[in-house]
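This is the structure alone, sequence omitted:
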């Protein structure tokens, strides 16, 4: 079974631009979570999607948004990019996103904002 | 490779020795805990998990210990190998949700 895949792997943008990142979960997994990883803040939860609905949300500004499609694939969007948005963005999937299930992470998308 | 954290606590162990990585968690209501391993340039990889109704769980070469009284979690790696070199994260969560909170991570360096 293929793991979680994320595209693109690397991305360079300039301040003020917007970016869309894509995540394909493990086949059969319906819950997709997004995380931001930076050296200073570590791993921080952005949001979780299940059945095309945002079910949980972390403490990030409204510039960070996402969506999930009927095939469970998910995208996250960051608008009006800031230098501080430079980070590794990780996607993780699990079966139902309930009761202590294990999340499986993708390799991440490395975003650099100039 | 990509740097996960520039100023992480580092544990250096000799190849073949046992490693113990510690983690203090923050929420006394957390009832599910996971240890992840992250190698340079890769996403976190699941190692082992434990629920709050247990205080010890063993896997292959790894053992997780949970002390709820002092909100402390540890990961023990037996006979540490060069391939164990990575950053290790603990994560805590509530049984009903998926917004895990991650610790800052510990860099394990295995010396030949």
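Noted; the coordinates are in hand. These numbers were taken from a predicted model, which means no experiment stands behind them.

what residue is smack in the middle of chain B?
By C-alpha atoms, centre = their mean, chain B has its centre lying nearest to residue B:35, at 3.8 Å.

so that residue makes contact with residue B:75?
Yes: judged on C-beta atoms under 8 Å, residue B:35 makes contact with residue B:75 at a distance of 4.8 Å. All C-beta spots, glycine's among them, are computed from the backbone N, C-alpha and C.

so what sits against both of these two?
Common neighbours of residue B:35 and residue B:75 (criterion: C-beta atoms under 8 Å, 6 or more residues apart in numbering or on different chains): B:21, B:47-48, B:62, B:64, B:88, B:90.

Just give me the closest of the residues you listed to residue B:70.
Distance to residue B:70, by C-beta to C-beta, is smallest for residue B:90 among those, at 14.1 Å.

So, low pLDDT: which residues of chain A?
By pLDDT under 70, the weakly predicted segments of chain A are A:1, A:99-100.

any idea how far residue A:65 is from the spatially most central residue of it?
Residue closest to the mean C-alpha point of chain A, counted by C-alpha atoms, centre = their mean, is residue A:34 at 3.1 Å. Separation of residue A:34 from residue A:65 (C-beta to C-beta, to the nearest Å): 10 Å.

State the helix or strand in which the residue nearest to the centre of chain B lies.
strand B:32-38 (DSSP states H and E).

helices or strands up against that strand?
With contacts taken as 3 or more C-beta pairs under 8 Å, 6 or more residues apart in numbering or on different chains; DSSP states H and E, strand B:32-38 sits against strand B:45-51, strand B:62-67, strand B:72-77, strand B:86-93.

The longest one vs strand B:45-51, what angle?
So the one you mean is strand B:86-93. With axes from the mean of the first three to the mean of the last three C-alpha atoms, to 10 degrees applied, the angle from strand B:86-93 to strand B:45-51 works out at 40 degrees.

and strand B:86-93, does that touch chain A?
Yes: using C-beta under 8 Å from any C-beta of the partner chain, we find that strand B:86-93 touches chain A at B:89, B:91, B:93.
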